[in-house]
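> Structure of the sequence below:
(chains A, B, C and D)
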There are 2 protein chains.
Amino acid sequence: MGTTSKALSLLSFFSRARASIGLSDMARLSGMNKATAHRLLSELADQGFVEQTGTGREYRLGPAVLRLAALRENTVPMRDMAMQVLTDLSAATGETAHMSVLSGDVLSSIAYTYAHAHGTMVMMEDAEVLTLHATGSGLAVLAFSDPGFVDQALARPLAARTRHTETDPAAIRALLPGIRARGFATSVGGFEEDVHSHAAPVFDAQSRCIGAVAVAAPVSRMTNALRDSIQAELLTRTTHLTRLLGGFLPSTFPTFEPQVTLQKGA
Amino acid sequence: MGTTSKALSLLSFFSRARASIGLSDMARLSGMNKATAHRLLSELADQGFVEQTGTGREYRLGPAVLRLAALRENTVPMRDMAMQVLTDLSAATGETAHMSVLSGDVLSSIAYTYAHAHGTMVMMEDAEVLTLHATGSGLAVLAFSDPGFVDQALARPLAARTRHTETDPAAIRALLPGIRARGFATSVGGFEEDVHSHAAPVFDAQSRCIGAVAVAAPVSRMTNALRDSIQAELLTRTTHLTRLLGGFLPSTFPTFEPQVTLQKGA
DNA sequence: AACCGACGGTTCAAATAATGAACCGCACAC
DNA sequence: GTGTGCGGTTCATTATTTGAACCGTCGGTT
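Residues are numbered from 1 along each chain as shown, chains lettered A, B, ... in the order given. Model prediction:
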């Protein structure tokens, strides 16, 4: 791995739970020598990607990322487009919809909408990190990523978020062909107890999978009718989003021809 | 300069005007060898900081910055706080207010508000880049930055944005003591023709200047009364913002005691 | 007050990664 | 068909990164 990747990888240790990290902690988390971590953090700080807090001397994310994000949104208004689609999707299904994008080997939530149709809804956090093996979105991404990436993602120990999290790499691999055939993944209670999630992949202009859209409903509310509704809405709207973002479905993606075609005779 | 800084500096060439940049262009802009630029861009792409567009194979900012910006805002809600202050400031003055933060040796606009009080207003762009020598905000920052930084910022050739841009480093240096004494800077037509700008610095927890708040009005509308109003509002509200952000005014910052104190006798 | 451990930060020889001139294949223009 | 510029690659040379050991400092414990 190059020096630049190492430096940037330090940024991935920041999260909502760890908004600021000390030098020694960062060295431990990243497995780097303290001197190395210090030099990399100093360079990141020079460029405004991190800054040091007043009290203590911990590091936290810096202001430079704000400008880049504003430019990114200006260039590729992914979030805006996702919000449109998610709003429709949660309205149509009556449940929470969210989109996450691949960032290294985890997914980051970038947008979500609630339906306000019921007293209870699945709640989301800003910038939440979703693991690939424990979520519907992650499975959808894995199913449509290249084998090398899957190997890499499943090579590390897989943490169990709940009692229902599948942590056996072989079992996860076994799910992928079915997901590829159907075009979407499901997960019941793998990330949060009592959450039933359906997720479909989103692709970029090179037909690479860049993330997923998911609909998350309480397990207690799941019925055959709701499941059918979610699956139909999710697939049509997520393929639409891929197109909106300038992306293309891969040739292997299943197509869902309308039942009735105009070719009556033939 | 370290490798990491070089890689991150590539990101600064993206702007609204140049949302995507090809490999050869990037090599030219940065002065790097094409092979070097390619390797650095590849590493940035691995980490999701840039990505390649479908048509052509140019590079543009990637999705990773979105997550970091969301976390930064979650950690230090600078933009939210700035928006509150800017809204009040433009309402009180009837003019456009904006805040920019130091990023390397330029300022990046992070938030702005309009007053809608007149038919004409000074317009701002998202993520606009302001040079230090040509803007009121830049002068305010220079005046309250350490001498080494000022030397560095003024060492390079200073571009003239308009006929009124001051490009003589000595002349700019001569302005700084006055700005330090008053607590704010002014610029007339230096960045955009017909724009009269007042700007005051914002400080972090170590009393380092991290950016500036400015009020920008058309030159044609500037009167003594408006100028007095802008100066008073700008100073009180900007010092307030520094405190809101957890920062401290440096001990050298001029204080503006209320004219009437309670110590009548003494 | 003396001690201890952990912190952020620094040093410098050894090890490793970055560098860039030349090169490739390709697409497009003339 | 030929020339130009593109994105991308190669590999010997070179400069940077690396990390064990080291500082001084801070806060808690004895």
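> for A:Leu176, what are its contacts?
A:Leu139, A:Leu142, A:Ala143, A:Val150 (Cβ atoms under 8 Å, 6 or more residues apart in numbering or on different chains). The C-beta positions use only the backbone N, C-alpha and C, and glycine is treated the same way.
> what helix or strand does the last one sit in?
So that's A:Val150. Secondary structure from DSSP states H and E places A:Val150 in helix A:147-155.
> top helix in chain A by residue count?
The helix that spans the most residues within chain A, counting by DSSP state H, is helix A:224-244.
> What average pLDDT does that one get?
Taken as a whole, helix A:224-244 has a mean pLDDT of 93.
> what ranges of the stretch 101-250 of chain A fall below the confidence cut-off?
By pLDDT under 70, the low-scoring segments of the stretch 101-250 of chain A are A:205-206.
> That one: helices as residue ranges?
For the stretch 101-250 of chain A, applying DSSP state H, counting those that start in this stretch gives helices covering A:136-143, A:147-155, A:169-182, A:224-244.
> hmm, who's touching the helix holding A:Val150?
Counting by Cβ under 8 Å, 6+ apart, A:Asp105, A:Leu132, A:His133, A:Leu142, A:Ser145, A:Pro169, A:Ile172, A:Arg173, A:Leu176 sit against helix A:147-155.
> try it again with 10 Å
For helix A:147-155, the external contacting residues (Cβ atoms under 10 Å, 6 or more residues apart in numbering or on different chains) are A:102, A:104-106, A:131-133, A:138, A:141-145, A:167-170, A:172-173, A:176, A:208-209.
> Can you select the buried ones from the residues you listed in ChimeraX?
Restricted to buried positions by 16 or more other Cβ atoms under 10 Å in any protein chain shown, the ChimeraX selection for the contacts of helix A:147-155 reads:
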select /A:102,104,105,106,131,132,133,138,141,142,143,144,145,169,172,176,208,209
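> Could you dump the helices of the stretch 101-250 of chain A into a markdown table with distance to DNA strand D added?
Compiled in a markdown table, the helices of the stretch 101-250 of chain A are given as follows (distance: least, Cβ to the nearest atom of the strand, whole Å):
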| stretch | distance to DNA strand D |
| --- | --- |
| helix A:136-143 | 23 |
| helix A:147-155 | 15 |
| helix A:169-182 | 27 |
| helix A:224-244 | 22 |
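> what's the most buried one of those helices?
helix A:136-143 (a mean of 28; mean count of other Cβ atoms under 10 Å in any protein chain shown).
> Would you mind splitting chain A into its domains for me?
A:3-66, A:76-244 (automatic domain parsing).
> ok and the residue in chain A nearest DNA strand C?
Distance from DNA strand C to each residue of chain A (Cβ to the nearest atom of the strand) is smallest for A:Gly22, at 2.3 Å.
> ok, the residue nearest to that residue when sequence neighbours are not counted to DNA strand D distance?
Nearest non-adjacent residue to A:Gly22, counting by Cβ to Cβ, 6 or more residues apart in numbering or on different chains: A:Glu58, 4.7 Å away. Distance from A:Glu58 to DNA strand D, counting by Cβ to the nearest atom of the strand, to the nearest Å: 14 Å.
> wait, A:Glu58 sits on A:Ala45?
No. Applying Cβ atoms under 10 Å, one finds A:Glu58 not in contact with A:Ala45, separated by 11.9 Å.
> Which one of these two is surrounded by more residues?
Neighbours per residue (other Cβ atoms under 10 Å in any protein chain shown) separate A:Glu58 from A:Ala45, with A:Glu58 holding more: 18 against 15.
> Which phi and psi values does the residue of chain A closest to DNA strand C adopt?
phi -80, psi 170 (degrees, to the nearest 10).
> Show the contacting residues for it.
A:Arg28, A:Gln52, A:Thr53, A:Gly56, A:Arg57, A:Glu58, A:Tyr59.
> gap between it and B:Val76?
Look at A:Gly22 and B:Val76: by Cβ to Cβ, to the nearest Å, they are 17 Å apart.
> Around DNA strand C, pick out the residues from the stretch 101-250 of chain A.
Counting by Cβ under 7 Å from any atom of the strand, the stretch 101-250 of chain A comes close to DNA strand C at no residue.
> give the contact list for A:Leu249.
Listed by Cβ under 10 Å, 6+ apart, the contact set of A:Leu249 reads A:Phe144, A:Gly183, A:Pro201, A:Val202, A:Phe203, A:Ser207, A:Thr238, A:Thr239, A:Thr242, A:Arg243, A:Thr255.
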